[in-house]
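In: please work out how this folds:
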Amino acid sequence: MVSANREMAVYCFDALIAHYNSEEAPPPAFNEGQHPLFVTWKKVVNGSEPRLRGCIGTLEARCLINGFRDCALNSALRDRRFPPIQAKELPYLECTVSILTNYETANNYLDWEVGKHGIIIEFTDPDYNTKRSATYLPEVAAHEGWTKMEAIDSLMRKAGYGGAITESLRKRIRLTRYQSTLFTLHYSDYASYELNFFN
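Out: Down below sits the predicted model:
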């Protein structure tokens with residue numbers, strides 16, 4: 001069982017900095033493997049609450065090295081919700097890497113625990129008859145202080161659904177729950193890690 005660790009977060013910083021310098025990232029200090037994963041960037045300014053700057057991942061198992069490199073760059077530069085992260089923001093960044101595990105099909109849309117499970121919802125938009133899906137990592141609902149119902153309704157909006165959210169629509173949701181291990185590294189810790197690693 002592979003857990004998220006410091007070396008994975010270091011590699012995400014390496015990949016982003018290599019991109020700014022138009023270089024190849026150095027090889028990572030962790031082993032290959034295949035897992036679903038996410039990379040989240042947050043920005044900390046003046047000791048305030050970290051603000052989300054990008055979060056992208058894959059719910060399918062991917063080779064960890066390529067997966068972390070691609071998701072580090074995509075979440076930093078291509079998350080449509082935010083402008084791309086600029087090199088001058090680096091000192092304020094923290095990177096959280098997540099490895100997703102224990103996928104289970106839930107019995108209904110409330111069959112999960114806030115703070116323990118991440119959730120994937122899939123449903124058919126009754127207005128357009130299109131399939132919609134979205135996910136929140138395990139820490140999101142707890143961080144926002146949401147009830148399960150509030151998390152579900154927010155996730156339906158994240159999936160792009162703009163119509164009325166009714167109980168009958170919620171009951172038609174197919175929910176998959178999962179767990180994750182995560183590791184968060186601030187840029188200052190990354191910089192001192194690199195210093196110690198190469199000295």
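In: chain neighbours aside, what residue packs nearest to residue 5?
Out: Distances taken as CB to CB, 6 or more residues apart in numbering place residue 183 nearest to residue 5, at 5.4 Å, with adjacent residues excluded. Placement of C-beta: from N, CA and C, glycine included.
In: residues in contact with the helix or strand of the chain with the lowest mean pLDDT?
Out: Ranking every helix and strand in the chain by mean pLDDT, DSSP states H and E puts helix 187-198 at the bottom, with a mean of 81. By CB atoms under 8 Å, 6 or more residues apart in numbering, the residues outside helix 187-198 that reach it are 6, 9-10, 13, 90-95, 185.
In: change it to 7 Å
Out: 10, 13, 90-91, 93-94 (CB atoms under 7 Å, 6 or more residues apart in numbering).
In: thinking again about what came up before, so who does the residue nearest to residue 5 touch?
Out: By CB under 7 Å, 6+ apart, the contact list for residue 183 reads 4-6, 8-9, 96-97.
In: repeat for residue 121
Out: Residue 121 neighbours (CB under 7 Å, 6+ apart): 133-134, 152, 155-156, 159, 173, 175.
In: where does it sit: helix, strand or coil?
Out: strand (DSSP: H, G, I helix; E, B strand; the rest coil).
In: for residue 180, same thing?
Out: Residue 180 is classified as strand under three-state DSSP.
In: identify the residues contacting it.
Out: Counting by CB under 7 Å, 6+ apart, residue 180 touches 98-101, 118, 137-138.
In: quick one on the thing from earlier: out of the contacts of residue 183, which are inside strands?
Out: 96-97 (DSSP state E).
In: looking at the contacts of residue 183, which one is closest to residue 105?
Out: For the contacts of residue 183, the closest approach to residue 105 (CB to CB) belongs to residue 4, at 23.9 Å.
In: quick check: the closest one vs residue 21, distance?
Out: 26 Å (CB to CB, to the nearest Å).
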